[in-house]
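> Return atomic coordinates for the entry below.
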Amino acid sequence: MDERNQILTAYLWIRQVWVDSYLTWSKDDYDGLDTIRIPSSYIWRPDIVLYNNADSHFTGSMDTNVVIRHDGQIIWDSPVITKSSCKVDVSFFPFDVQQCRFTYGSWTYNGNQMDLQNAMDHADLADVVENVEWEVLGMPAKRNIILYGCCAEPYPDVTYTLQLKRKASFYVFNLLIPCVMISFLAPLGFYLPADSGEKVSLGITVMLALTVFQLLVAETMPPSENVPLIGKYYIATMTMITASTALTIFITNIHHCGPDAKPVPKWAKIFILQYMARVCFVYEVGENCMFFQPEKQDPPPQPTSQRCNNYTMNGQAVQEDLILKVERGQDGMTQKIIEETEDQLISPTGSLGRNPTNHYSAWRNGMFMDCGDSPGLAAARRSRNGGVGESTGREEVCKTQCTCQQQQLLRNIEYIANCYRDTRATAKRTGEWKKVAKVLDRFFMWIFFIMVFSMSLLIMGKAI
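Predicted coordinates for the structure are as follows:
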């Protein structure tokens, strides 16, 4: 079977039987001679030809001998190699069944001059030779009477329909299974980390691989308007991979939202970060996988208090419990530092030292040694250290200088706190966008896995 050119080559044994009244004799006159065998070219033969012949060099049947009986019956068995046109329907390739017709009839004699009948309802397939690609299901015969527009007489013919079923194991193992395996790689592109940079490359590679298989199928099939089943599967898979690659680009853009990005919308936080994250089993480290814990909102900053919490030092979160409060008195701006704990304190370089209390004491003594302290702080320090305070006169002299230094110190601390607050807000916003991208990746991965599995089952179902 040449599917691309739609030509069937068959090796047939054709038996023709007719009666010639001029070739009779009495066997008693010839010592009981019943039959004779002579070359077929010595007698008249009916001009039976194959109507749908596709061989330009066809010369008819072989000139074998004919068997002539004494009553005029002639039997002519001749082998013949035919090339006939066959309309190939590739709609269900490679699980297709083809029907090729052999139409035999007289080329010059009409039905009134020569009647053509089929001896059996189907061809004899007892000696059929098995083909490696096709399985012969049957070959029924049917007699037809055709009236052509050129002539008023009927023209009978006999049509044999050869039913062939393709053995699909070759195409399943070489075209279908590799395609299914490659198509299952497409959803795994959503599982790749966004920072790997290989998500889009995987989709394009899978697309190119399917294109190669599509070209192999196109070279085998005839240029027909009927798209084969495996071709439909390739097109559907390539469409799915194109969509997955486009979604991967979109999700990668979400993942790399920088500090200038807007915050995640409230509906996205509720729908994606809460509900979809639980459905797709996307949880952060330390987050309960059974019950969703809403993240705690930071309390709004008070106008008279700045709190700096959750510093990150050497990869660990450090709790800062130093609260700076500003109180305004009747006689002007008076700053009072209330120390809740001295267990942890940020050193002047911005890192946490080995002995935070010593750093704090050195920093405090350096700032207030020359300018004196306020009466409340001096009394508190005298009671804590057991020493005697500075003279009141010196405190009055340095009061203005201390106030300026304290204001500068508070401005520096407020600037550092604001920078840290902005950095933490930016990191939180970036982390939320990354989690949104991760949830969308996991969601589309399961969706495309279901699509690939459904398409594979659909192809197999149509084939069966």
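> all strands for the stretch 1-150 of the chain, in order.
Remark: strands assigned in the stretch 1-150 of the chain by DSSP state E, counting those that start in this stretch are 7-19, 35-39, 48-50, 65-69, 73-85, 97-106, 134-138, 141-147.
> got the CA positions of the second one in PDB?
Presented in PDB, the C-alpha positions along strand 35-39 are these (Å, rounded to 0.1, in the frame of the first residue of the first chain):
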ATOM      1  CA  THR A  35     -10.000 -32.100 -21.500                       C
ATOM      2  CA  ILE A  36      -7.200 -30.500 -23.400                       C
ATOM      3  CA  ARG A  37      -4.700 -27.700 -22.500                       C
ATOM      4  CA  ILE A  38      -3.600 -25.200 -25.000                       C
ATOM      5  CA  PRO A  39      -2.100 -21.700 -24.900                       C
END
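> Can you mark which positions in the helix or strand encompassing residue 211 are buried?
Assigned by DSSP states H and E, residue 211 belongs to helix 199-220. Within helix 199-220, the residues that count as buried by 16 or more other Cβ atoms under 10 Å are 199, 202, 203, 206, 207, 209, 210, 213, 214, 217, 220. Quick note: C-beta positions are derived from backbone N, CA and C, even for glycine.
> Going by neighbour count, which residues in whichever helix or strand comes after that helix are buried?
Per DSSP H and E, the first helix or strand lying C-terminal to helix 199-220 is helix 229-255. Of the residues in helix 229-255, 229-231, 233-234, 236-238, 240-241, 244-245, 247-248, 251-252, 254-255 count as buried by neighbour count, 16+ other Cβ under 10 Å.
> Any regions of the chain where pLDDT drops low?
58-61, 258, 284-402, 463-464 (pLDDT under 70).
> how does it divide into domains?
Under the assignment automatic domain parsing, the domains of the chain span 7-167, 171-262+444-463, 305-397.
> Export these as TSV, with columns for distance to residue 280.
Shown next, in TSV, are the domains of the chain (distance: least, Cβ to Cβ, whole Å):
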stretch	distance to residue 280
domain 7-167	36
domain 171-262+444-463	7
domain 305-397	28
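> Which of these sits closest to residue 404?
Comparison of these against residue 404 by Cβ to Cβ identifies domain 305-397 as nearest, at 9.1 Å.
> Specify the helix with the largest residue count in the protein.
In the chain, taking DSSP state H as the definition, the longest helix is helix 399-463.
> So which elements touch it?
With contacts taken as 3 or more Cβ pairs under 8 Å, 6 or more residues apart in numbering; DSSP states H and E, helix 399-463 sits against helix 177-183, helix 185-188, helix 229-255, helix 277-279, strand 305-307, strand 323-329, strand 332-338, helix 356-368.
> Farthest pair within the buried residues of helix 199-220?
The two members of those with the most space between them (Cβ to Cβ) are 199 and 220, at 33.5 Å.
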